[in-house]
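Q: after the sequence you'll find the predicted model.
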Amino acid sequence: MWSELFATPLFGIGVTFGVYALAQKIYQRTGSILFNPVALSIGAIILILLLSGISYEDYAAGGQYILFLLGPSVVALAFPLYVRRQEILAKRGPILMGVLAGAVTSVLSAGGVAWLLGGSREVVMSLAPKSVTTPIAIGLAEKIGGIAPLTAAIVVLTGCIGAICGPEFCRLIGIRRPAAVGLAVGTAAHGIGTARMLEVDPLGGAVSGLAIGLNGLITAFLLPLLILLFI
């Protein structure tokens, strides 16, 4: 009976929502960025699957339905963008140049480091779209010959790192304007980083949401061109 329950989509959905709700409570109670609810949930679910012996395939039967919600959740970030549209339009030039620079740097740094370390073409192609939101990154990886599950894992890891230390790192190097911080975090750490920025500053969160879409669009056009030039 238990094995049949574990294989149903309800198991993956229930575990994901239950663990995330608990992680959110821990984050709110501690107030520490080290207890980022997404990162904490990922670690907890991995530990649950390892200790229980439940296969990832059984968990993913429900996880795929949650994955489907990624697209609508990214679209929902347009609301804070709309609220702050006048302030953002006034900075459209620097925003476009900043996202373009971030997109190029992200692709070259991730793919370039993997290539220099002797990574296979598949690994390089999987890492190149690491800073693009998950639905776009997976689509890009499949088109350019990458490994979609590896890309998904790297994208989530990138987002978690950006959410945990992105705003603090920006302040450490002297970047303090909310719009600039939001632009950097959104370009580098997509949706997970943007969720953190919305807690830090409304304008920064709005710009971060814009950076997600722009970075996805620029990378989708840029990545195939870079492949043709360098590979």
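A: All right, it came through fine.
Q: outline the domain layout of the protein.
A: 2-68, 76-230 (automatic domain parsing).
Q: ok, and what's touching stretch 68-75?
A: Contacts with stretch 68-75, where a contact means CB atoms under 8 Å, 6 or more residues apart in numbering, come from 133-135, 191, 212-213. From N, CA and C alone the C-beta is placed, and that goes for glycine too.
Q: and what of stretch 160-170?
A: Outside stretch 160-170, the residues that reach it (CB under 8 Å, 6+ apart) are 33-34, 36, 38-39, 42, 176, 180-181, 184-185, 188-190, 192-193, 195-197, 200, 204.
Q: geometric centre of this protein: which residue is closest?
A: In the chain, the centroid-proximal residue (CA atoms, centre = their mean) is G159; its distance is 3.9 Å.
Q: that residue in helix, strand or coil?
A: helix (DSSP: H, G, I helix; E, B strand; the rest coil).
Q: what distance do you get for the nearest residue to it once chain neighbours are set aside to F68?
A: The shortest distance from G159 to any non-neighbouring residue, by CB to CB, 6 or more residues apart in numbering, is to I192 (3.1 Å). Distance of I192 to F68, given as CB to CB, to the nearest Å: 17 Å.
Q: neighbour count: the two, which is higher?
A: I192 (25 against 10; other CB atoms under 10 Å).
Q: the more buried one: which element?
A: If you go by DSSP states H and E, I192 is part of helix 178-200.
Q: I164: neighbouring residues, count only.
A: Applying other CB under 10 Å, we find 21 other residues in the vicinity of I164.
Q: pLDDT below threshold where in the protein?
A: The model of the chain has pLDDT under 70 over residues 1-7, 63, 71, 74, 229-231.
Q: helices of that one, start to end?
A: Per DSSP state H, the chain carries helices over the ranges 2-6, 9-30, 37-52, 56-68, 70-76, 78-83, 85-89, 92-116, 121-127, 134-144, 148-172, 178-200, 202-230.
Q: just say which of the ones you listed is most tucked in.
A: helix 178-200 (a mean of 25; mean count of other CB atoms under 10 Å).
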